[in-house]
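task: produce atomic coordinates for the following.
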Amino acid sequence: MIARRELRIPIFDLGCGAGAATIEHELARAPGVLRVYVNPANDAAYVDYDPALTGPAELATAIERAGYRAGAPAEDR
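Residues are numbered from 1 along each chain as shown. Just a heads-up that it's a prediction; the model follows:
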């Protein structure tokens with residue numbers, strides 16, 4: 001059984017839907033990511049992930065690889 005955690009990561013200066021798609025693509029490529037949704041209306045990424053394969057710091061780094069600045073990740077719900 002896969003362990004699953006939910007994380008919310010703020011994204012600074014996201015702006016538009018095109019940026020959201022770029023970030024979603026980069027996060028989806030990270031090992032252990034089960035589901036990802038980026039909401040440009042509230043400048044945040046929501047990620048379901050397997051903590052045995054990745055963690056908050058690695059996911060924030062994926063956002064930065066996409067060219068955006070990530071805020072401090074927080075467990076969601």
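
partners of the helix or strand bottoming out on mean pLDDT in the chain, with directions?
Lowest by mean pLDDT, DSSP states H and E among the helices and strands of the chain is strand 74-75, with a mean of 89. Here strand 74-75 is paired, per DSSP bridges, with strand 5-12 (antiparallel).

just checking, what packs against the next helix or strand after the strand it pairs with?
The first helix or strand that comes after strand 5-12 along the chain, using DSSP states H and E, is helix 17-28. Contact here means 3 or more C-beta pairs under 8 Å, 6 or more residues apart in numbering; DSSP states H and E; on that basis helix 17-28 packs against strand 33-39, strand 44-49, helix 56-65. Using the backbone N, CA and C atoms, a C-beta is placed for each residue, glycine as well.

now the ones you listed as a markdown table including mean pLDDT and mean neighbour count?
Listed next are those as a markdown table, based on pLDDT from 0 to 100; neighbours: other C-beta atoms under 10 Å:
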| stretch | mean pLDDT | mean neighbour count |
| --- | --- | --- |
| strand 33-39 | 96 | 17 |
| strand 44-49 | 96 | 22 |
| helix 56-65 | 96 | 18 |
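
on that earlier part again, contacting residues around the least confident helix or strand of the chain?
Identification of contacts with strand 74-75 by C-beta atoms under 8 Å, 6 or more residues apart in numbering yields 5-9.

to residue 20, which of the helices and strands packed on helix 17-28 lies closest?
In terms of C-beta to C-beta, the element of the helices and strands packed on helix 17-28 nearest to residue 20 is strand 33-39, at 3.9 Å.

so what strands line up beside the closest one?
strand 44-49 (antiparallel).

off-centre distance for the strand it pairs with?
Mean C-alpha position of strand 44-49 versus that of the full chain (C-alpha atoms, centre = their mean, to the nearest Å) differs by 4 Å.

that one to helix 17-28, inter-axis angle?
Interaxial angle, strand 44-49 versus helix 17-28 (axes from the mean of the first three to the mean of the last three C-alpha atoms, to 10 degrees): 20 degrees.
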